[in-house]
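*Asks:* Kindly generate the corresponding structure for this input.
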Amino acid sequence: MPMDYEKNLYNEIGKKIKARRKELKLTQEDLAELTNYSYSFISNIESRTYQAFSISAFNNIAKALNTHMKNLLPDENDLITNNKIKCEYCNFNMEMPYEIMKLLQSIKDITKKNTKLTCPKCQKKIMY
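*Replies:* The predicted structure is shown next:
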C-alpha cells in the first residue's frame, strides 16, 4: 500500500473522529480521559500530522464516541489514491498536493463537470 494512501486514510479517519467528538460536545481532553490515551495522542489523530494507531485503539475511540468503527471510516470518494494528472497531449505527469486533488475532486462532484487545467510543459488545456 503506498505511503500517501495510508497517510490519507489515517487523516480522513482523524477528521471523522474529530467531527463525531464535536457532535457529542466533547473536548480532546474528554476523549483522552474516556479512552485512557494521552491528550497528545488524540490531538495528533485529529490533526494532519499522520498519527498511526492500532485497530484496538481505533475500536476504543469508537466505543468512547458511542459509535462503531465503520462509522468513522471514510467513504471511498474521500480518499485520493493518485495525486498525478497526466497530460493527454505530451504525457507529462503533473504531481499535485493531496489538498489540491481533494479540492478538484470536490469541485467535480459538486458541478458534475471536469475542471480545465493548463499543462505546465506544453501549455495545452487538459480536463480533470
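
*Asks:* how about the strands in this protein?
*Replies:* 84-86, 93-95, 116-118, 125-127 (DSSP state E).

*Asks:* could you dump the ones you listed to TSV with mean pLDDT?
*Replies:* Formatted as TSV, the strands of the chain follow (pLDDT from 0 to 100):
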stretch	mean pLDDT
strand 84-86	84
strand 93-95	86
strand 116-118	90
strand 125-127	88
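
*Asks:* Throw those into JSON lines and include mean neighbour count and distance to D109, thanks.
*Replies:* C-beta here means a position set from N, CA and C on the backbone, and glycine is covered the same way. Below are these laid out as JSON lines (neighbours: other Cβ atoms under 10 Å; distance: least, Cβ to Cβ, whole Å):
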{"stretch": "strand 84-86", "mean neighbour count": "15", "distance to D109": "16"}
{"stretch": "strand 93-95", "mean neighbour count": "13", "distance to D109": "20"}
{"stretch": "strand 116-118", "mean neighbour count": "12", "distance to D109": "17"}
{"stretch": "strand 125-127", "mean neighbour count": "14", "distance to D109": "15"}
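
*Asks:* May I see the ones you listed organised as a markdown table, with distance to R48 added?
*Replies:* Shown next, in a markdown table, are those (distance: least, Cβ to Cβ, whole Å):
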| stretch | distance to R48 |
| --- | --- |
| strand 84-86 | 21 |
| strand 93-95 | 19 |
| strand 116-118 | 25 |
| strand 125-127 | 28 |
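
*Asks:* Identify each buried residue in the helix or strand of the chain with the lowest mean pLDDT, please.
*Replies:* When each helix and strand of the chain is scored by mean pLDDT, DSSP states H and E, helix 98-111 comes last, with a mean of 81. Under the neighbour-count criterion of 16 or more other Cβ atoms under 10 Å, helix 98-111 has 101-102, 104-105 buried.
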